[in-house]
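> Sequence below, structure please.
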Amino acid sequence: MTLPRSSLISLDDTPYYHCVSRCVRRAFLCGFDTFSGNSYEHRRAWVEEELLLLPSIFCIDVAAYAVMSNHYHVVLHVNEQKALDLSAREVIERWHKLFNGNLLSQRYLCGDLSIAERDALTLCIEEWRKRLCSISWFMKILNEKIARQANKEDECTGRFWEGRFKSQALLDEKALAACMAYVDLNPIRAMMAKTPEQSAHTSIQKRIKKAKQSKNPNHLSQQETSLFPFAGNPKQDMPEGLPFKFSDYLELVDWTGRFLRNDKRGAIPDNLPPILERLGMEPKNWINTTSHFEKQFKHFAGKPNKIKTFLDRIDQTTCHGMKHCEAVFT
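Numbering: from 1, shown residues only. Here you go, the predicted structure:
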């Protein structure tokens, strides 16, 4: 049974979510269609540009992404507190970058509202505030814009995307690291690139380009500003960001990518990345998980006890992928 989106997203349990949207038509999202002989490679830039623009409007950060031939992956971080801290004017200004708002919101910016009108506008502002930290609205805006551009270019109408985007809640550090590596290594698994830095239209390529220009790529101020930064290993008074050191994560992705490219995949290399030890991940489980993350876990990924807490919250008793979670994340 298909679960409502409200049951799949709980910011009380985790701010991190892996989302996937797939193209429903034969005409490709990106890449080269051997059937028609048409190239849609330029559409990768459409998706990437919009993905990196929307966080400046929404209170949602992009942690990882990969734009493939007929689908894209993105790992999102929802910053609910940021949305709550926005003033009424900031909410309206952000919303007006997406839509025209209404007559009251337009007049509010000009300072021309009575007290009764301000009270009426407050209800709209609070609704817009919720939408600015809503994954559903983020994906809706992104997909609608790309669909309109593609339909216009193809001179046709109708659906461009599948009915719903897929979302997976990432409930702990292990699930987050495995999912990000899975997303960043998509082009390598698909044999579209040989190394992470050659993986076009991915977050890992963008982070590596910035790191090459930085003296200390682990420092927050010297990381790629359009992506959610790496804040370092968990500690007290930790700044906002991903709970890993960037250099550790880069080493992990490089190590995993080398294994995926190896013709003889039966043996695990001896030089394990230190981050695997910190996360307590068994190497064979890690490789299997980062190769098949989307198939192994349907809606949730993380420690079994965290998934059970999540399921209790949405009044469910079990979920697809629980055995994998017990084997990998325990």
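> Low-confidence regions, this structure specifically.
1-7, 25-34, 36, 261-270, 317-318, 321 (pLDDT under 70).
> where along it do the strands fall?
16-22, 32-33, 38-39, 60-67, 71-78, 166-170, 300-301 (DSSP state E).
> looking at these, which is closest to residue 219?
Nearest of those to residue 219, taken as CB to CB: strand 60-67 at 17.8 Å. (C-beta placed from N, C-alpha, C; glycine too.)
> what sits up against that closest one?
Applying CB atoms under 8 Å, 6 or more residues apart in numbering, the contact partners of strand 60-67 are 16, 29-30, 44, 47-48, 51-52, 54-55, 72-79, 132-133, 135, 138, 176, 179-180, 183-184, 186-187, 199, 201-204, 226-228, 242.
> List the contacts of residue 51.
Residue 51 is in contact with 62, 65, 72, 74, 142, counting by CB under 8 Å, 6+ apart.
> quick check: longest helix of the protein.
helix 135-154 (DSSP state H).
> now it and strand 71-78, what's the angle there?
Angle between the axes of helix 135-154 and strand 71-78 is 150 degrees (criterion: axes from the mean of the first three to the mean of the last three CA atoms, to 10 degrees).
> packing partners for helix 135-154?
Judged by 3 or more CB pairs under 8 Å, 6 or more residues apart in numbering; DSSP states H and E, the packing partners of helix 135-154 are strand 16-22, helix 43-53, strand 71-78.
> Just put those in JSON lines and tack on distance to residue 92.
Written out in JSON lines, the entries for the helices and strands packed on helix 135-154 read as follows (distance: least, CB to CB, whole Å):
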{"stretch": "strand 16-22", "distance to residue 92": "26"}
{"stretch": "helix 43-53", "distance to residue 92": "19"}
{"stretch": "strand 71-78", "distance to residue 92": "21"}
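> Can you tell me which of those is most buried?
Across the helices and strands packed on helix 135-154, averaging neighbours per residue (mean count of other CB atoms under 10 Å) puts strand 71-78 on top, at a mean of 24.
> could you say what helices and strands it packs with?
Using 3+ CB pairs under 8 Å, 6+ apart: strand 71-78 touches strand 16-22, helix 43-53, strand 60-67, helix 135-154, helix 173-184.
> now that strand: how far from the chain's centre is it?
Here strand 71-78 is found 2 Å from its chain centre; the criterion is CA atoms, centre = their mean, to the nearest Å.
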